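Student: model this:
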Amino acid sequence: MFHGYPLSFPQVEMRELTGQRFGLLSVVGRGEPVGSRATWRVHCLCGKEKTVREDHLLNGRTKSCGCASSKMRKSKMEKRFNLVNQRFGSLLVVWRVNSQKVGDSSHSCWACKCCCGAVIEVSGKALAGGKTSCGCKEPGVFVVREAAAV
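Tutor: Numbering: from 1, shown residues only. Reported below is the predicted structural model:
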């Protein structure tokens, strides 16, 4: 005891985040603590691996390794129609890419992550019109193979 207080500290509940996804990050395991902060090793969709503080993952402060921060920031700053974090079937809108000029009008394009892991660019018009996957689940899309000669 030290000045009437026990020397042991209260047990902190240990969370298990391995396998969970936060934005573009997949948690692959525990990292080394930084001071009293828990950290996790994460793998980004772009292929980079890094260590991130647990509280930053849980409160949404960190969603990528940094590869998409400017793109996400641009999407957040957009005052126009924003589809970021909206789901269309198997597609999750990650950030706004650019705009396509079609005649006198302009159509927004969005980077979307499919549940199969592919990242594709899709126009807002296609999303609104019912585009729901990268093609991995489209009805009528088949791989045709030639029959083997006997």
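
Student: following the lowest-mean-pLDDT helix or strand in the chain in sequence, what is the next regular element?
Tutor: The helix or strand of the chain with the lowest confidence, counting by mean pLDDT, DSSP states H and E, is helix 69-77 at a mean of 60. Using DSSP states H and E, the helix or strand that follows helix 69-77 in sequence is strand 87-88.

Student: show residues contacting that following strand.
Tutor: With C-beta atoms under 8 Å, 6 or more residues apart in numbering as the test, strand 87-88 has contacts from V93, C112, L127, K131, T132. Every residue, glycine included, has its C-beta placed from N, CA and C.

Student: in its sheet, which strands sit next to that strand, and in what direction?
Tutor: Taking DSSP bridges as the criterion, strand 87-88 sits next to strand 91-102 (antiparallel) in its sheet.

Student: buried set for the strand it pairs with?
Tutor: L91, L92, V93, V94, W95, R96, V97 (16 or more other C-beta atoms under 10 Å).

Student: which ones are touching K63?
Tutor: K63 neighbours (C-beta under 8 Å, 6+ apart): F22, G23, L24, L25, M72.

Student: now those in JSON lines, please, with extra columns for secondary structure.
Tutor: What follows is the contacts of K63, written out as JSON lines (DSSP: H, G, I helix; E, B strand; the rest coil):
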{"residue": "F22", "secondary structure": "strand"}
{"residue": "G23", "secondary structure": "coil"}
{"residue": "L24", "secondary structure": "coil"}
{"residue": "L25", "secondary structure": "strand"}
{"residue": "M72", "secondary structure": "helix"}
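
Student: mind checking which of those are buried?
Tutor: Neighbour-count burial (16+ other C-beta under 10 Å) is assigned, among the contacts of K63, to F22, G23, L24, L25, M72.

Student: show me where this structure has its helices.
Tutor: With DSSP state H as the criterion, the chain has helices at 54-58, 69-77, 124-128.

Student: for C112, give the beta-bridge partners.
Tutor: Counting by DSSP bridges, C112 is bridged to V93, I120.

Student: hmm, it is touching V119, no?
Tutor: Yes. Counting by C-beta atoms under 8 Å, V119 is a contact partner of C112 at 7.1 Å.

Student: so where is this protein shaky, pLDDT-wise?
Tutor: 1-14, 69-81, 100-106, 137-150 (pLDDT under 70).

Student: of the buried residues of strand 91-102, closest to L83?
Tutor: V93 (4.3 Å; C-beta to C-beta).
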